[in-house]
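Asker: what would the 3D arrangement of this be:
(2 chains)
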Amino acid sequence: MSNKEYNFGKIEKKWQDFWESNGLFRVDNECDKDKFYCLVMFPYPSGTLHVGHGRNYIIGDVVSRYKIMKGFKVLSPIGWDAFGLPAENAAIANSIHPSIHTRNNISKMKVQLERWGVGYDWDREVTSCEPDYYKWTQWIFLKLFESKLAYKKKAAVNWCPSCATVLANEQVVDDLCERCDTRVEQKDLEQWFFSISDYAQRLLDDLETLDGWPEKVKTMQANWIGRSEGAKINFKLEGTDETIPCFTTRPDTIFGVTFMSLAPEHPIIKELINGTEYEKPVSGFVDRVRGQSTIERTSEGTVKEGIFTGRYVINPVNDEKVPLWVSNYALMEYGTGAVMAVPAHDQRDFEFARKYDLPIKIVIQPSNNETTLRPEDMEEAYVEDGVQVNSSQFDGIPNREAIPKIINFFEEKGIGERNINYRLRDWLISRQRYWGAPIPIIYCESCGAVPVPENDLPVLLPDHVEFKPHGRSPLDDVDEFVNATCPKCGSSAKRETDTMDTFVDSSWYYLRYLSSKDNTQAFDSEDVNKWLPVDQYIGGIEHAILHLLYSRFITKVFFDLKLTNFNEPFRNLFTQGMIVKDGAKMSKSKGNVVNPDLITEKYGADTQRLYTLFIAPPQRDAEWNDRGVIGSYRFLNRLWNNITEFEGHFKNVPDTEIKRDLFSEKSKELYRHINITIKKVTEDIEKSWSFNTAIAAVMELLNMVVDFSTGLKDKEFNDETDINDLNVLRLSLESIVKVLAPFVPHICEELWEILGHKPGIFSVPWPAYDEDAIAADQVEMVIQINGKVRSKLVVPSEINEDDLKSLVMNDQKIIENLDGRKIIKTIVVPRKLVNLVVR
RNA sequence: GCCGAAGUGGCGGAAUUGGCAGACGCGUUAGGUUCAGGACCUAAUGUCCGCAAGGAUGUGGGGGUUCGAAUCCCCCCUUCGGCACCA
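Answerer: Numbers count the residues shown, from 1 in each chain, chains lettered A, B, ... in the order given. As a prediction, this is how the structure comes out:
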């Protein structure tokens, strides 16, 4: 009997080298068999990974390895989302160049990833801050520019004073910078945008095709896109030929308009009040409101305020003259910046009207004739459905039916039209920072904004730069960079000095993996068409909107440019939960980071992997418990010891086929449970990614195996039954090793070898199970009286109901409990229970 | 305010076509082993009553449907996430 020690350090190194030298994860671009593109969100090289990060990569690795055993050709690449502010901030703090800082971090993290035993095709590694990558990010900018999907405009944008740069709407959370939690300010700046809002409808519609995405993520995206259907109606400005358009989702209330509200930013305000007695007070109001932060202006408690402009607009449906106001609750970013106010049927308008004593006109009455609304009695707006009143030819029509009729009426009369509005704004991609891909544009006095010709790409980031942020891009101060010649006319010109949002880098990296070394094109269309969409994408829920929406947009742009033939980048998406410690997200500042290197050192990577998978269902947040790790370690040791103890036996006793006629009671039961376990693990992985219960099932099986093997240890194996028993034991251990291989690959490789097989468990097919062997001959049935368990009986599983009932009626415990009471009803659930209803 | 997810022992969690609540693991307790610590092995472990056999009770709270509810229905509470003066 040999009893080797479980030397995880040695074993893990051995098999990591083995996979590397055998190219387990290295695939070419040919699709000669079922392909499977398994993608984990590429990491930002922050320097160190903690055990919480590990979950993402470990889950991805389980999926990859499982699919390999299922016979798929698996593409599992990795790279680095390497541009971004932290590297620049670190450079400012420690005077290390961001590129050096980033490269150092990448090499540290690469070691960590390898230590976990997560397998990637490193030949495809991409790093977004390297010129051979960002050259193509710039090329993508040019493609969008050519397609009129990249444009520059002056707009009120979010400015983070701490990061000293602008931010996209998606990067502002509750008025705070998503990255540093600083309150953002509004600034009017000239900035570059991508026209993602042109794609709003498609981004919304195609969510329905994403069956493999969590509903939650789809809902979040749908909310973010925020489609609302309605009409745009033109109100004539009294005494002029000008019209002010406004958007409404309630054209049915058009006859109830009693005033109009303009957003303080509305460009028409100036000319409305110019030279009038209203000029001073109105511009005073506008300045005051615009000085407020978005939070102050838009939070629920904010009181509605406004001021009359002295002007009137004409309601085009009834020629009524209504006053034109400026109010703080009208937003320039939504619709047209002008609101037709219907106080009777809109709560905000109602509050405003009450405050400034504006008229309230009812145009919809509740359909149940019991109550009739009267303006003077109303305490809030009536926003429910009803029947049109005071609406001339539409009177008497239910308001829902009136909506399309009224819109048709607008269109016939040329006063308005059907219109759809989206909350989604264009994607602001300019950043006033150094560590990003320069926007490939040159400004020429005579030619304007000229794109850098493709041949001149990449526009290289200069090395020697003063990083201190001062509100302009640090590149602004680098003369060699700024000064250029116009590609069109050859005269001297200036480069754009803003860099791109790092979400541009990450919006297309999954394509680059197919062509990571190709310096002639961003990606090879034929290859990406073969391998994409990604079969399984795995990452954090925090990217539900940002990265995932941007990537969908870019994918659709490529599709439209006929560069690719797929409409969506990610067929299936899995969002894993966070691992928390002491109830909080792990972070250096909170000091609750669990260092994976220490765990690997003490217990090994396999233990860490197993615990990470066992801790909770993977989509749920989970609390890391250092003590809990030991349970996984114990389990692996028990498995190790059981196999190594029998190593000699397995070598000496012939590995003959299992003979069912030689089954003992115990070996038959074990054989049954081998099959049950294989089935359970397969289904848990396939159907619900319930790795925690899959592992629990294997633990149960091992507990049974340990019990079984105790009786076998000292046998001589001279008779057939004992040999058969040993081979059932062998089968059970081999099955455990196979089904655990995706979870704890190193120890399984080693044990597979110890069990006498040639190295390489991932070339072994995933085990099948024998459905016939799963059925039990005997089952334990629960016997209830009035729903309470009173006895249990072991009966043949195919027993007929009469035999069963007579067994129940002869059961001593049941007789005692019945105590002569009368049985009214007997419920029999085959193989499960009998319930006697008595009185 | 609207939409969504969740709430089960001391802890992580399991059980969903309604059928033994608490699988599996951690922790705890007792015993074994060990010079000792650790590691390991065996047993117990929801709560309450009981020496025990056994009984009662129990899945956020309250009601309901059912022979039977963690699971289905209604109302409510708490936590988390998303959206929110979006016309």
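
Asker: which is the succeeding secondary structure element to the helix or strand where A:Asp132 lies?
Answerer: Using DSSP states H and E, A:Asp132 falls within helix A:131-146. Using DSSP H and E, the helix or strand that follows helix A:131-146 in sequence is strand A:150-160.

Asker: is that next one anywhere near RNA strand B?
Answerer: No. For strand A:150-160, no contact with RNA strand B is found by Cβ under 7 Å from any atom of the strand; the gap never falls below 12.8 Å. No exception for glycine: its C-beta is placed from N, CA and C like everyone else's.

Asker: that strand: how far from the chain's middle?
Answerer: The chain centroid and the centroid of strand A:150-160 are separated by 27 Å, computed with Cα atoms, centre = their mean, to the nearest Å.

Asker: with stretch A:785-795 instead?
Answerer: The chain centroid and the centroid of stretch A:785-795 are separated by 48 Å, computed with Cα atoms, centre = their mean.

Asker: count of residues packed around the residue of chain A found nearest RNA strand B?
Answerer: Using Cβ to the nearest atom of the strand, the single residue of chain A nearest to RNA strand B is A:Gly631, 2.5 Å away. Applying other Cβ atoms under 10 Å, we find 14 residues neighbouring A:Gly631.

Asker: what's downstream of the one helix or strand in chain A whose mean pLDDT sits lowest, the next helix or strand?
Answerer: The weakest-scoring helix or strand in chain A, judged by mean pLDDT, DSSP states H and E, is helix A:294-298 (a mean of 67). Note on helix A:294-298: by DSSP H and E, the next helix or strand toward the C-terminus is strand A:306-314.

Asker: paired strands for that next one, with orientation please.
Answerer: When pairs are called by DSSP bridges, strand A:306-314 turns out to pair with strand A:227-237 (antiparallel), strand A:321-327 (antiparallel).

Asker: buried set for the first one?
Answerer: Along strand A:227-237, the positions that meet the burial threshold by neighbour count (16 or more other Cβ atoms under 10 Å) are A:Arg227, A:Gly230, A:Ala231, A:Lys232, A:Ile233, A:Asn234, A:Phe235, A:Lys236, A:Leu237.

Asker: what bridges to the first one?
Answerer: With DSSP bridges applied, the residues forming beta bridges to A:Arg227 are A:Tyr422.

Asker: I figured it was touching A:Gln201, is that so?
Answerer: Yes. Using Cβ atoms under 8 Å, A:Arg227 makes contact with A:Gln201 at a distance of 7.4 Å.

Asker: in three-state terms, label A:Arg790 for me.
Answerer: Recorded secondary structure, A:Arg790: strand (DSSP: H, G, I helix; E, B strand; the rest coil).

Asker: by contact count, what packs against the helix holding A:Asp132?
Answerer: strand A:448-451, helix A:502-505, helix A:546-560 (3 or more Cβ pairs under 8 Å, 6 or more residues apart in numbering; DSSP states H and E).

Asker: out of the ones you listed, deepest packed?
Answerer: Of all these, helix A:502-505 carries the top mean neighbour count, a mean of 24, counting by mean count of other Cβ atoms under 10 Å.

Asker: could you say what helices and strands it packs with?
Answerer: Under the contact criterion of 3+ Cβ pairs under 8 Å, 6+ apart, helix A:502-505 touches helix A:131-146, helix A:546-560.

Asker: show residues contacting it.
Answerer: A:81, A:83-84, A:128, A:133-134, A:137, A:140-141, A:168, A:194, A:429, A:436-437, A:546-547, A:550 (Cβ atoms under 8 Å, 6 or more residues apart in numbering).

Asker: same question for stretch A:438-451.
Answerer: So stretch A:438-451 is contacted by A:138, A:141-142, A:145-146, A:152, A:192, A:429-430, A:452, A:456-461, A:475, A:481, A:484-489, A:491, A:493-500 (Cβ under 8 Å, 6+ apart).

Asker: let me see the ranges of the helices in the stretch 1-150 of chain A.
Answerer: A:8-22, A:51-69, A:85-94, A:98-115, A:131-146 (DSSP state H, counting those that start in this stretch).

Asker: can I get these in JSON lines with mean neighbour count and mean pLDDT?
Answerer: Listed next are the helices of the stretch 1-150 of chain A as JSON lines, based on neighbours: other Cβ atoms under 10 Å; pLDDT from 0 to 100:
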{"stretch": "helix A:8-22", "mean neighbour count": "16", "mean pLDDT": "95"}
{"stretch": "helix A:51-69", "mean neighbour count": "24", "mean pLDDT": "95"}
{"stretch": "helix A:85-94", "mean neighbour count": "18", "mean pLDDT": "83"}
{"stretch": "helix A:98-115", "mean neighbour count": "18", "mean pLDDT": "94"}
{"stretch": "helix A:131-146", "mean neighbour count": "21", "mean pLDDT": "97"}
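
Asker: now stretch A:148-162: mean pLDDT?
Answerer: Regarding stretch A:148-162, the rounded mean pLDDT is 88.

Asker: check which residues of it are buried.
Answerer: In stretch A:148-162, counting by 16+ other Cβ under 10 Å, buried: A:Leu149, A:Ala150, A:Lys152, A:Ala155, A:Val157, A:Asn158, A:Trp159, A:Cys160.

Asker: likewise stretch A:710-717?
Answerer: A:Leu712, A:Phe717.

Asker: tabulate the helices and strands packed on helix A:502-505 (JSON lines), appending distance to RNA strand B.
Answerer: Formatted as JSON lines, the helices and strands packed on helix A:502-505 follow (distance: least, Cβ to the nearest atom of the strand, whole Å):
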{"stretch": "helix A:131-146", "distance to RNA strand B": "25"}
{"stretch": "helix A:546-560", "distance to RNA strand B": "10"}
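
Asker: closest one to A:Gly256 among those helices?
Answerer: Across these, the minimum distance to A:Gly256, taken as Cβ to Cβ, is reached by helix A:546-560, at 37.0 Å.

Asker: by contact count, what packs against that closest one?
Answerer: Using 3+ Cβ pairs under 8 Å, 6+ apart: helix A:546-560 touches helix A:131-146, helix A:200-205, helix A:215-225, helix A:502-505.

Asker: let me know which of the strands paired with strand A:306-314 is the nearest to A:Thr258.
Answerer: Using Cβ to Cβ, the nearest of these to A:Thr258 is strand A:321-327, at 5.8 Å.

Asker: that closest one vs RNA strand B: in contact?
Answerer: No. Judged by Cβ under 7 Å from any atom of the strand, strand A:321-327 makes no contact with RNA strand B; its nearest approach is 8.3 Å.

Asker: off-centre distance for that strand?
Answerer: 44 Å.

Asker: just the CA atoms of it, as CSV, please.
Answerer: The C-alpha coordinates for strand A:321-327 follow below in CSV (Å, rounded to 0.1, in the frame of the first residue of the first chain):
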residue,chain,number,x,y,z
LYS,A,321,-53.6,81.2,-26.3
VAL,A,322,-51.6,79.8,-23.4
PRO,A,323,-48.8,81.4,-21.4
LEU,A,324,-45.2,80.4,-21.9
TRP,A,325,-43.2,79.8,-18.8
VAL,A,326,-39.6,78.7,-18.0
SER,A,327,-39.5,76.0,-15.3
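
Asker: counting neighbours, which bits of that strand end up buried?
Answerer: Buried, per 16+ other Cβ under 10 Å, within strand A:321-327: A:Val322, A:Pro323, A:Leu324, A:Trp325, A:Val326, A:Ser327.

Asker: circling back: redo the strands paired with strand A:306-314 as JSON lines? Include mean pLDDT.
Answerer: JSON lines is the format used below for these (pLDDT from 0 to 100):
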{"stretch": "strand A:227-237", "mean pLDDT": "92"}
{"stretch": "strand A:321-327", "mean pLDDT": "94"}
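
Asker: can I have the buried ones of the contacts of stretch A:438-451 as a PyMOL selection?
Answerer: Under the burial definition 16+ other Cβ under 10 Å, those of those that qualify are selected in PyMOL by:
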select buried, chain A and resi 138+141+142+145+152+192+429+430+452+457+458+459+461+475+481+484+486+487+493+494+495+496+497+498+499+500
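
Asker: which ones among the contacts of stretch A:438-451 map onto strands?
Answerer: Counted as lying in strands by DSSP state E, out of the contacts of stretch A:438-451, are A:Lys152, A:Trp192, A:Ser430, A:Ala484, A:Thr485, A:Ala493, A:Lys494, A:Arg495, A:Thr499, A:Met500.
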